[in-house]
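*Asks:* Sharing a model prediction with you, sequence too.
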Amino acid sequence: MTRRPPARRPGRGRRPRRRKNSDIEKLGLIALAGAVALSLVVGVLRWLAEHPWVVVLALLAAAVASGVWVWRRKEAAQWERVRSQGLRYAVEQLDRLHHRQFEFAVRDLMHRDGCTDAQQVGGRGDNGADVKATDPYGRRWVIQCKHRKAGWAGKPVGTPDLHVLNGTGRQIHGGDVLVMLTNGRITTNATDFAKSQHLHLVDRHLLAQWAAGSRPLWELLRAVPPPRKPTSLS
């Protein structure tokens, strides 16, 4: 008997053509996408060539952003070095100081935070300023200190205590940030007056936080004026 050849399965020979067609279609789409992308790039380059000021502005913006980033990194590193030096006070230690020693302690804390020119100026004829300093951002600080032996239980700082600072801090001392600082408490009327005159208050609780070395004073106060232009201190 003669054997019959095995029957071919229908359609087996057509599959390679479909795959080939599919590959061609993919290559066509890729080529089309590449052509569109290339035309967009060429169009953008032509537009930039016709408007060179856009390139200049973009480069300037990038330079400014880079400068600000480097400056902030520098300031953060400087503060970290200062903080690692470890000048800290417990508020109870400050209570035991003489009022003049208290002023020197405030000066040292400002110096710790990076105010290299911080100085104690309190005494006769101080015109309401006990400590003056320039922070790393170029802002001039004028601080009046009110030391209370009894701390929070002592006489509170009232509105009359703020009048001298408000009258001389900017006009005579050229201060950007005027601060009334005490190891005691501050009356509500004084707080309202300070807000109306853009004065800054540091009471016992805020002083304890600052003296403990957590952050520089300008990060603890609200609504501090913006930095001035960088100076030799920044």
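*Replies:* Happy to help now that I have it.
*Asks:* Could you list every helix and strand in contact with the helix ranked longest in the chain?
*Replies:* Identified as the longest helix of the chain according to DSSP state H is helix 15-50. Contact partners of helix 15-50 among helices and strands, from 3 or more CB pairs under 8 Å, 6 or more residues apart in numbering; DSSP states H and E: none. Every C-beta, even on glycine, is put in place using the N, C-alpha and C of the backbone.
*Asks:* mean confidence score for it?
*Replies:* Averaging pLDDT along helix 15-50 gives 80.
*Asks:* ditto for stretch 203-215
*Replies:* For stretch 203-215, the mean confidence score works out to 93.
*Asks:* neighbours around the closest residue to Val202 other than its chain neighbours, how many?
*Replies:* Leaving aside its sequence neighbours, Val202 sits nearest to Leu181 (CB to CB, 6 or more residues apart in numbering; 4.1 Å). A total of 25 residues lie near Leu181 under the criterion other CB atoms under 10 Å.
*Asks:* same check, this time on Ala223
*Replies:* Should you count by other CB under 10 Å, Ala223 turns out to have 8 residues around it.
*Asks:* follow-up on the earlier one: what helix or strand is the residue nearest to Val202 on?
*Replies:* Per DSSP states H and E: Leu181 is located in strand 177-182.
*Asks:* Only alpha carbons, please: show that strand as PDB.
*Replies:* C-alpha atoms of strand 177-182 as PDB (Å, rounded to 0.1, in the frame of the first residue of the first chain):
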ATOM      1  CA  VAL A 177      15.500  93.700  63.900                       C
ATOM      2  CA  LEU A 178      14.600  95.200  67.300                       C
ATOM      3  CA  VAL A 179      14.300  92.700  70.100                       C
ATOM      4  CA  MET A 180      13.100  93.000  73.700                       C
ATOM      5  CA  LEU A 181      14.500  90.000  75.500                       C
ATOM      6  CA  THR A 182      13.800  88.800  79.100                       C
END
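*Asks:* Residues touching it, excluding its own?
*Replies:* Strand 177-182 has contacts (CB atoms under 8 Å, 6 or more residues apart in numbering) with 106, 135, 139-148, 157, 161-162, 165-166, 169-170, 186, 190, 194, 198-204, 207, 217-218, 221, 224-225.
*Asks:* Partner strands of it and their direction?
*Replies:* Within its sheet, strand 177-182 is paired with strand 140-146 (parallel), strand 200-202 (parallel), according to DSSP bridges.
*Asks:* Output those strands as TSV; include the columns mean neighbour count and distance to Arg46.
*Replies:* What follows is the strands paired with strand 177-182, written out as TSV (neighbours: other CB atoms under 10 Å; distance: least, CB to CB, whole Å):
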stretch	mean neighbour count	distance to Arg46
strand 140-146	24	52
strand 200-202	21	55
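*Asks:* Now tell me which helix or strand of this structure has the poorest mean pLDDT.
*Replies:* helix 52-84 (a mean of 73; mean pLDDT, DSSP states H and E).
*Asks:* what's the helix or strand just after it packed up against?
*Replies:* Using DSSP H and E, the helix or strand that follows helix 52-84 towards the C-terminus is helix 91-95. In terms of contacts (3+ CB pairs under 8 Å, 6+ apart), helix 91-95 is packed against helix 204-211.
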